[in-house]
Structures are given as structure tokens and as C-alpha cells.
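In: predicted model and sequence below, questions to follow.
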Number of protein chains: 2
Amino acid sequence: MNNVEDNKQLKLKSQLCFPIYALARDIVAAYRPLLEALDLTYPQYLALLVLWEKEEQSVSQLGEQLDLDSGTLTPLLKRLEQKGLVNRKRSTTDERSVLISLTEAGSKLQFEAANIPSKLMEAMPVSAAELKTLQHIICKIRKNIRKI
Amino acid sequence: MNNVEDNKQLKLKSQLCFPIYALARDIVAAYRPLLEALDLTYPQYLALLVLWEKEEQSVSQLGEQLDLDSGTLTPLLKRLEQKGLVNRKRSTTDERSVLISLTEAGSKLQFEAANIPSKLMEAMPVSAAELKTLQHIICKIRKNIRKI
DNA sequence: TTAATTTAAATTGTGCACAATCTAATTTTG
DNA sequence: CAAAATTAGATTGTGCACAATTTAAATTAA
């Protein structure tokens, strides 16, 4: 007779989601030594990536690209401001929004970050084809994951 | 002439790691409504998964399987203790280690959790074959990701 | 044009993650 | 054996994530 204790689906090893959750932490850990040299955390680095593409954006524009809300971004951006990497000022045309812009230092930091992506990829032990497959499947899940 | 601003590798869209990081958050978000019914967070659910397989384990044994250290597990397990789902007691044979065991309530909770894996899989919009591929690539990365 | 609604950030509170440090128990070594 | 080294867990401090609420500004509707 099967009972719930034999439910294979409730075993950690048979979970798909645990490896994804653990991999995300592994990746942040792989970035850490590279980013420490720039005194950045991984989420801070992501915010800068977005700003290096377009150097002035509102908090909500950043949030849209990073899938993060103001509860996460406001303190993160204040820390980047403390480090002198970004400026925060209210928009004059819409006083509700706060515009984040790169400082000179924040802009220049991208030269130091230039080699991070390739260094990180060296640490990722998979072929280009596998990476592409991985990317494709993840995008598909992210696009369609059902909001329960 | 290329300059660093044209460095495609420094664009968010060309990052492999961002989707993984974002997917991990999407997955936790997908679990949330299912776990809220059991008054559990996703990491707490993972800890219980491990305990449902073997109902008494040391903190370090849990940490090994979940890839988490005592800094994360100690408070998490105290919260599970508060909810009456686990007991914590020092081992008599080695006073350094703390044994975590399921209470009656903690053990019974697995009946309520029995349908979570299948419900979650319904929310994951990918074929079984793609899941298998995903699992394979992720395991490979996790096994070999280089400690820089 | 005022009242109601919506929107953008900020704030508050909870719960991870994880580095670094500390304490106490155990094991290893000289 | 005693001193040194190792191990297990707890603690401290920082930084996300995110739900829920608040405040103020802007938009819409009556």
C-alpha cells in the first residue's frame, strides 16, 4: 500500500525547483569575489547594468527590468548613492517619480566591470549549446509560469 | 571603434545569470500561495521535505542537503519550533550537535503538502522532456561551477 | 473643478542568505 | 595526559526580497 511517506514527489532529490533555487545562490556566490573588488553586491551590479545601458531612469523603470519593487530598490539605490555611484532626484515633470542617474564614478565603473561577464562564463562549466538550451527553456518558463 | 559602452556582454538582456536569478524568485512566488495555506515559507518547506525523509537529523545534516549554513538554519528552525513542527535538542553523544526532529504536527503536515508538487508542476509551462533537459544542465552546472 | 481613483516611492515588518566571529565540545598531537 | 587544532552551532551585522501600508502627486470622472 502506498502512503504519503512513499510520495516520491515530496523528496528533495525529485524536486526540480530546489536545483534552480540552489543554482541561483551558486551563481551569486560565483559573482561575489569578482564584485567584491568593485564593492558591489550582485543586485547592485544588475542595477548598474541597466543604468549603463541608459544612464537616467526612474525607479519604476529599473524595477520593471529587474522585476523588483520599490521596497527592494529604494534601499539598494540609496546604498549606491552613498557609494557615490548614482544620483537620485525627483522628476520635475512628475513629482511622484524619482530619477536615478549615473555619477561620473558610476559611469566609469563599467570599465572595471568589463571583464566580469567573460570571467563568470569561464566558471560556468557548460557548452555554448547547452547554455542556449538552458536560456531558451528558462525564458519559456519565466514567460508563462502560471500565477496560481 | 568599439568602446566599453558597446560591450554587449554588459547588457542585462545578454546575461544568462539574470534569468536564473529571476526564475528562482518566480518559483518561490509560485509556491507562496500554496505554502501560505500551510503557514510555511519556501525554505521552511524545503527543510521539512528533508525531515519527512528522515525524521531526526542534525543541523549540519540538514545544511548539507540544503546547502545552507547555521546562520540561515538556526533561526529558520527556531521558527519551525515556534510553530510546533519540530523539536530541537542537543545530542547526548556529541553535545556540539543539535538534533532536529519532527513533532506529531510536523509529521502530519506532509499529508497537507502531498499535492503541492503536482500543483506546482501544473504552473510550470514546459514539457517533461524540457524539464529533464533543464534538470540535467542545471545539475551539471551546480556540480562543476568553478569556485573562483 | 472638486471628489474619487490611480500611480510612484517610501516605509514597516518578516524572513531568508551569508560572511565573520564567538563559544563550547571534541579530536588530534606532541 | 595537556595543549593545539578542529568541529558544531549560535550570534551579529549587512543586504536583499516582498507583502502591506502610507504619503503625496497626478489623472479621471462626476
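Out: That came through fine. Numbering: from 1, shown residues only, chains lettered A, B, ... in the order given.
In: and the helices in chain A?
Out: A:17-36, A:42-53, A:59-66, A:70-82, A:104-113, A:116-123, A:128-144 (DSSP state H).
In: now mean neighbour count, mean pLDDT and distance to DNA strand D too, for the ones you listed, in TSV please.
Out: From N, CA and C alone the C-beta is placed, and that goes for glycine too. Below are these laid out as TSV (neighbours: other C-beta atoms under 10 Å in any protein chain shown; pLDDT from 0 to 100; distance: least, C-beta to the nearest atom of the strand, whole Å):
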stretch	mean neighbour count	mean pLDDT	distance to DNA strand D
helix A:17-36	18	96	7
helix A:42-53	20	98	4
helix A:59-66	17	97	8
helix A:70-82	15	98	3
helix A:104-113	16	97	14
helix A:116-123	16	91	16
helix A:128-144	15	91	12
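In: among those, which comes closest to residue B:38?
Out: Nearest of those to residue B:38, taken as C-beta to C-beta: helix A:17-36 at 16.1 Å.
In: that closest one packs against which elements?
Out: On a contact count with 3 or more C-beta pairs under 8 Å, 6 or more residues apart in numbering or on different chains; DSSP states H and E, helix A:17-36 meets helix A:42-53, helix A:116-123, helix B:17-36, helix B:42-53, helix B:128-144.
In: turn the ones you listed into JSON lines, including distance to residue A:66.
Out: Formatted as JSON lines, those follow (distance: least, C-beta to C-beta, whole Å):
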{"stretch": "helix A:42-53", "distance to residue A:66": "6"}
{"stretch": "helix A:116-123", "distance to residue A:66": "17"}
{"stretch": "helix B:17-36", "distance to residue A:66": "8"}
{"stretch": "helix B:42-53", "distance to residue A:66": "20"}
{"stretch": "helix B:128-144", "distance to residue A:66": "22"}
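In: one step back: make TSV out of the helices of chain A and add distance to DNA strand C.
Out: Listed next are the helices of chain A as TSV, based on distance: least, C-beta to the nearest atom of the strand, whole Å:
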stretch	distance to DNA strand C
helix A:17-36	4
helix A:42-53	10
helix A:59-66	3
helix A:70-82	3
helix A:104-113	17
helix A:116-123	15
helix A:128-144	18
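In: nearest to residue B:135, out of these?
Out: helix A:17-36 (6.6 Å).
In: relative to chain B, how far out is residue A:95?
Out: Residue A:95 sits 28 Å away from chain B, going by C-beta to the nearest C-beta, to the nearest Å.
In: now swap in residue A:130 and tell me
Out: In terms of C-beta to the nearest C-beta, residue A:130 sits 5 Å off from chain B.
In: which residues are contacting stretch A:81-90?
Out: A:39, A:48, A:51, A:77-78, A:80, A:97-103, A:105-106, A:109 (C-beta atoms under 8 Å, 6 or more residues apart in numbering or on different chains).
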